[in-house]
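*Asks:* Take this sequence and fold it.
(one chain, ligands or ions: 2)
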Amino acid sequence: MNKKVAVLGAGSWGSVLANVLVENGHQVKLWSRDADQVAELNQKHTNQKYMPDFTYQSHLQATNDMAEAVEGASLVLIVIPTKGLRSVAHQLAAILAKIGAKPVVAHATKGLEQNSYKRPSEIIAEEIPTANRQAIVVLSGPSHAESVAIHDMTAVTAASEDLPSAELVQKLFSNHYFRVYTNNDVIGAEFGAALKNIISIGAGALQGLGYHDNARAALITRGLAEIRRLGVAFGANPMTFIGLSGVGDLVVTATSKNSRNWRAGYQLGQGKPLQDVIDQMGMVIEGVYTTKAAYELAQKRHVRMPITEAIYRVLYQGEDVKTAIRTLMNREVTSEVE
Ligand SMILES: NC(=O)C1=CN([C@@H]2O[C@H](COP(=O)(O)OP(=O)(O)OC[C@H]3O[C@@H](n4cnc5c(N)ncnc54)[C@H](OP(=O)(O)O)[C@@H]3O)[C@@H](O)[C@H]2O)C=CC1
Ligand SMILES: O=C(CO)COP(=O)(O)O
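*Replies:* Ligands and ions are numbered 1, 2, ... in the order given. From the prediction side, this is the model:
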């Protein structure tokens with residue numbers, strides 16, 4: 001099965017996912033807004049800004065023209081940070097309407113929109129009418145671009161309310177190193193993906209301060225409890241949180257130097273100011289923004305998220321990390337299982 005696929009976004013994840021599809025024999029057009037990056041990808045097969053040590057398949061074609069990328073595609077995969085997702089989905093909607101296309105639209109974005117608290121699939125659904133798309137699919141799970149690039153064994157989830165659409169994504173991506181499962185719980189997959197970034201910042205901060213294995217395990221486990229609590233309040237299946245897009249993604253990002261969120265937390269733990277951390281990362285740190293959205297959403301819904309609240313105070317109210325940890329540990333003791 002050889003298909004035409006458009007991938008929108010040539011950061012670390014979009015470019016590596018496009019490369020997986022090329023390795024699987026598909027015709028892939030990778031769209032970027034950056035003309036210099038497009039030229040570099042097409043001529044040198046490199047992406048110095050986002051994947052400096054990697055060489056892409058020579059059949060991977062990049063383009064600056066979104067319409068050219070989307071023309072004839074059965075699947076359009078959007079891999080843009082949450083902040084830019086709505087504007088890219090908006091541009092895509094205009095193109096799909098103009099050419100009268102109706103592809104499956106998938107995304108691999110992990111976050112919640114500022115102020116609206118919308119999940120990525122809600123943003124896409126708002127921007128692209130059903131006349132111009134099939135169902136939306138969420139591609140999520142423990143998958144650092146750097147590891148996928150070197151064919152580390154990877155398992156992820158394609159979540160959609162429409163099984164055939166999830167199965168299309170599963171078939172296009174699966175190979176000997178990249179295994180895709182299906183799931184019908186879009187809400188759970190998206191909450192797991194967005195909220196694990198907050199806990200990863202916390203895990204990095206603990207390590208930056210010199211805490212050890214027990215602290216990390218406690219944070220991951222209790223972090224998962226509050227991720228599940230918020231997700232379930234919005235209709236997620238609790239089982240999703242013990243799957244790839246839940247605990248799987250939480251473990252990989254809360255324990256790996258490849259995680260930008262973990263690295264940001266580590267630097268905060270070592271006392272580096274947040275703005276310096278953001279400025280020097282050069283790639284998106286979704287958890288910084290999702291912490292604010294999740295904190296506000298939890299307040300509105302009266303959902304307890306003590307770790308998220310502590311990280312919010314550190315990121316947005318200037319609280320010292322050590323004080324935040326002390327406050328967390330000195331809270332009134334409670335029962336583990338609700
Ligand atoms: N990296 C990873 O391993 C993984 C990342 N993800 C998720 O994928 C999403 C993308 O992450 P990632 O690829 O790592 O991000 P990067 O920071 O590596 O790259 C972001 C890309 O998006 C582009 N972009 C940003 N805003 C816009 C916009 N408004 N319009 C057009 N293009 C835009 C950037 O273009 P420009 O260079 O021009 O700014 C760049 O190409 C995030 O939500 C992340 O959480 C999920 C799984 C794994
Ligand atoms: O989601 C990811 C891996 O599954 C990537 O995490 P970071 O954005 O923290 O690098």
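*Asks:* and the spatially most central residue of the chain, backbone torsions?
*Replies:* Geometric centre of the chain, nearest residue: Lys110, 2.7 Å, by CA atoms, centre = their mean. Main-chain torsions, Lys110, degrees, to the nearest 10: phi -120, psi 90.
*Asks:* quick one: contacts for the residue nearest to it when sequence neighbours are not counted?
*Replies:* In this structure, Lys110 finds its nearest non-sequential neighbour in Ala193, 4.0 Å apart by CB to CB, 6 or more residues apart in numbering. (Glycine included, C-beta is placed from N, CA and C.) By CB atoms under 8 Å, 6 or more residues apart in numbering, Ala193 lies in contact with 110-111, 138, 140, 245, 249.
*Asks:* Those: which two are farthest apart?
*Replies:* The span of those, defined through CB to CB, is set by Gly111 and Ser245 at 13.5 Å.
*Asks:* Share the number of residues neighbouring Thr327, please.
*Replies:* Thr327 has 14 neighbours, counted by other CB atoms under 10 Å.
*Asks:* Check whether it sits in a helix, strand or coil.
*Replies:* The three-state label given to Thr327 by DSSP: H, G, I helix; E, B strand; the rest coil is helix.
*Asks:* The one 5 residues further on now?
*Replies:* When the structure is reduced to helix, strand and coil (three-state DSSP), Glu332 reads as coil.
*Asks:* To what extent is it buried, counted in neighbours?
*Replies:* For Glu332, the count of nearby residues is 4 (other CB under 10 Å).
*Asks:* Can I get the contacts of Ala193 in a markdown table including secondary structure and pLDDT?
*Replies:* Formatted as a markdown table, the contacts of Ala193 follow (DSSP: H, G, I helix; E, B strand; the rest coil; pLDDT from 0 to 100):
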| residue | secondary structure | pLDDT |
| --- | --- | --- |
| Lys110 | coil | 98 |
| Gly111 | coil | 98 |
| Val138 | strand | 99 |
| Ser140 | strand | 98 |
| Ser245 | helix | 98 |
| Asp249 | helix | 98 |
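*Asks:* Which of the residues you listed sits closest to Tyr312?
*Replies:* Nearest member of the contacts of Ala193 to Tyr312, counting by CB to CB, is Gly111, at 15.1 Å.
*Asks:* quick check: domain ranges of the protein?
*Replies:* Following automatic domain parsing, the chain resolves into domains at 4-184, 187-329.
*Asks:* and of those domains, who's closest to ligand 1?
*Replies:* For the domains of the chain, proximity to ligand 1 was assessed by CB to the nearest ligand atom; domain 4-184 is nearest, at 1.8 Å.
*Asks:* Quick one: end-to-end length of that closest one, please.
*Replies:* For domain 4-184, the first and last residues are 25 Å from each other (CA to CA, to the nearest Å).
*Asks:* residue ranges of the strands in the protein, please?
*Replies:* 4-8, 27-31, 61-63, 75-78, 104-107, 136-140, 154-159, 178-183 (DSSP state E).
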